[in-house]
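Engineer: pasting a predicted model and its sequence here:
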Amino acid sequence: MLRRSALRTVGGLLPLLVAGCDAPQRPRTASPEAPVLRPAQQLALALAELPPGFRQVDELAPMLSATGPDDPWGRVSAYSVTYAPSEPRLDFGDIMSSVNAYSSAQYAQLAFDSWQAAVPRQYRATTVDVGLAPADVAAYVRDGACLLGFRTRNVMASVLVTHRTGASVEHAARFVRLLVEKISRSAR
């Protein structure tokens, strides 16, 4: 008997027809631009993903429609959270994670381009490798802060890390790599 998941697409049927009904199915991999459907809040940095000694101090979760017509950029989900050190001995200052999901990758690209244009001039551009195409990543530093934004699939997100001993691009990059992985696992 054919499994329901195999009936969904012709591509799912071909291996079964060629190898027989008991053939193992290959895991389905999402297209690089497959949309992410999970809420932005589930994709942002969580307290448990930070070094010990942080507490949540602020949160913003606007209500948006599921199709994006209320938002000029087609945004369907948005969330921003700020964490602060609970111990004064930490080298870190605040860490902010912001995630915005859009109805399409094209909307996310337009929003990312607009975000880059809005970064204050006091920030100085720098480069960092987070595993995405260079056009999909923008990193900026200023006075002990690193602002790192990126676009992947239908998501545009950013991380702001302040560090008492200087702007730590690598700390921000580590958090962004974590977010990129969470977003990739969330694609359908």
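Structural biologist: Now that the structure is in, tell me what you want to look at.
Engineer: rest of the way, CA atoms for contacts and neighbours
Structural biologist: Fine.
Engineer: send the alpha carbons of stretch 124-144 over as CSV?
Structural biologist: These are the backbone C-alpha positions of stretch 124-144, laid out as CSV (Å, rounded to 0.1, in the frame of the first residue of the first chain):
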residue,chain,number,x,y,z
ARG,A,124,31.0,51.4,9.6
ALA,A,125,30.5,48.5,7.2
THR,A,126,32.6,45.4,7.8
THR,A,127,32.6,41.9,6.3
VAL,A,128,31.8,38.6,8.0
ASP,A,129,31.1,35.0,6.8
VAL,A,130,27.9,33.5,8.1
GLY,A,131,27.4,30.9,5.4
LEU,A,132,25.2,33.0,3.2
ALA,A,133,25.9,34.8,-0.1
PRO,A,134,27.7,38.1,0.5
ALA,A,135,24.7,40.0,-1.0
ASP,A,136,22.4,38.5,1.7
VAL,A,137,24.5,39.7,4.6
ALA,A,138,25.4,43.2,5.9
ALA,A,139,27.6,43.8,9.0
TYR,A,140,28.3,47.1,10.7
VAL,A,141,30.3,48.1,13.7
ARG,A,142,30.2,51.2,16.0
ASP,A,143,31.5,51.9,19.5
GLY,A,144,31.5,48.4,20.9
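Engineer: list the buried ones in it?
Structural biologist: In terms of neighbour count (16 or more other Cα atoms under 10 Å), stretch 124-144 has its buried residues at 128, 130, 136-141, 144.
Engineer: and those residues, which two are the farthest apart?
Structural biologist: Pairwise distances among the buried residues of stretch 124-144 were taken by Cα to Cα; the largest, 23.4 Å, belongs to 136 and 144.
Engineer: can you measure across stretch 41-54, start residue to end residue?
Structural biologist: From its first residue to its last, stretch 41-54 covers 18 Å (Cα to Cα, to the nearest Å).
Engineer: average model confidence for that stretch?
Structural biologist: The pLDDT scores in stretch 41-54 average 94.
Engineer: list the buried residues for it?
Structural biologist: Applying 16+ other Cα under 10 Å to stretch 41-54 flags 41, 43-45, 54 as buried.
Engineer: kindly report the same for stretch 176-188.
Structural biologist: Applying 16+ other Cα under 10 Å to stretch 176-188 flags 176, 178-180, 183-184, 186-187 as buried.
Engineer: return the member of those nearest to residue 59.
Structural biologist: For those, the closest approach to residue 59 (Cα to Cα) belongs to residue 179, at 17.4 Å.
Engineer: before we move on, the earlier item: what is the nearest of the buried residues of stretch 41-54 to residue 104?
Structural biologist: residue 43 (16.7 Å).
Engineer: who's in contact with the closest one?
Structural biologist: Going by Cα atoms under 8 Å, 6 or more residues apart in numbering, residue 43 touches 99, 179, 182-183.
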